[in-house]
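K.L.:
Provided below for reference: sequence and predicted model.
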Amino acid sequence: DSGVTQTPKHLITATGQRVTLRCSPRSGDLSVYWYQQSLDQGLQFLIQYYNGEERAKGNILERFSAQQFPDLHSELNLSSLELGDSALYFCASSGRLAGVGTDTQYFGPGTRLTVL
Amino acid sequence: DQQVKQNSPSLSVQEGRISILNCDYTNSMFDYFLWYKKYPAEGPTFLISISSIKDKNEDGRFTVFLNKSAKHLSLHIVPSQPGDSAVYFCAASSTYFGNEKLTFGTGTRLTIIP
């Protein structure tokens, strides 16, 4: 158990709909990351938040948005869903920033999104 | 543009033998490398890491080797055990990017044959 929790585990929805994925980081971790894993692909970085502020953005679609709340949990919002958005969405957390000391990202179990 | 590549999608190794998983990268700014292991229906689990100031890091049965001039790293597992059967991802990051994002390879599925 990594200490990172994600809800829901599975989500089935229709094209055009909007969903929200939730992530609670490990206790004390300030950074939250979101990654997408499509079929037979590696994990693609979407976005990182550190202590409530956006720190880095990857290839995240404009239809997707995220935020990190004062209690440090994060939500990833996916809207106008398309069939190609079907994937595993992972959240990870870490404590320190690079340069302060190397740190490891710990991953949650993921949310499997199926768009029909 | 795949900056981190794992060219072997799968690998089968006899139990007790050495498993060697390979990873190549193209971005010379990467200075921190990690290996993650993933079982089905679970998130990736951190295995071992190496900083670019080292060429080897060892943790029990797991050793990671880094060859910066070749932009290549490898993970050695010895001896291999049935519980090692999983998908292994190589990942890289850079302190020069100003963030901690990881760039992942596409993974190698390791199967340990009893």
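P.N.:
Thanks, I have it.

K.L.:
Quick check: bridge partners of residue 65?
P.N.:
Defaulting to chain A. According to DSSP bridges, the residues that bridge with A:Ser65 are A:Asn77.

K.L.:
um, chain B though
P.N.:
Assigned bridge partners for B:Phe65, using DSSP bridges, are B:Lys56, B:Ser74.

K.L.:
so it makes contact with B:Glu58?
P.N.:
No - checked against CB atoms under 8 Å, the pair B:Phe65 and B:Glu58 is beyond contact range at 9.7 Å. C-beta here means a position set from N, CA and C on the backbone, and glycine is covered the same way.

K.L.:
Please tell me I have it right and A:Ile12 contacts A:Leu81.
P.N.:
No - with contact defined as CB under 8 Å, A:Ile12 does not reach A:Leu81; the gap is 10.9 Å.

K.L.:
so which helix or strand takes in B:Ala92?
P.N.:
Assigned by DSSP states H and E, B:Ala92 belongs to strand B:86-93.

K.L.:
Find out how far that strand is from the centre of the chain, if you would.
P.N.:
Its chain's C-alpha centre and that of strand B:86-93 lie 5 Å apart, by CA atoms, centre = their mean, to the nearest Å.

K.L.:
before we move on, what about stretch A:35-47?
P.N.:
10 Å.

K.L.:
Residues contacting that stretch, please?
P.N.:
A:33-34, A:54, A:56-60, A:64, A:66, A:76, A:84, A:86-92, A:107, A:110, B:4, B:6, B:44, B:89, B:91, B:101-107 (CB atoms under 8 Å, 6 or more residues apart in numbering or on different chains).

K.L.:
now swap in stretch A:2-22 and tell me
P.N.:
A:23-27, A:73-83, A:89-93, A:106-116, B:43, B:45.
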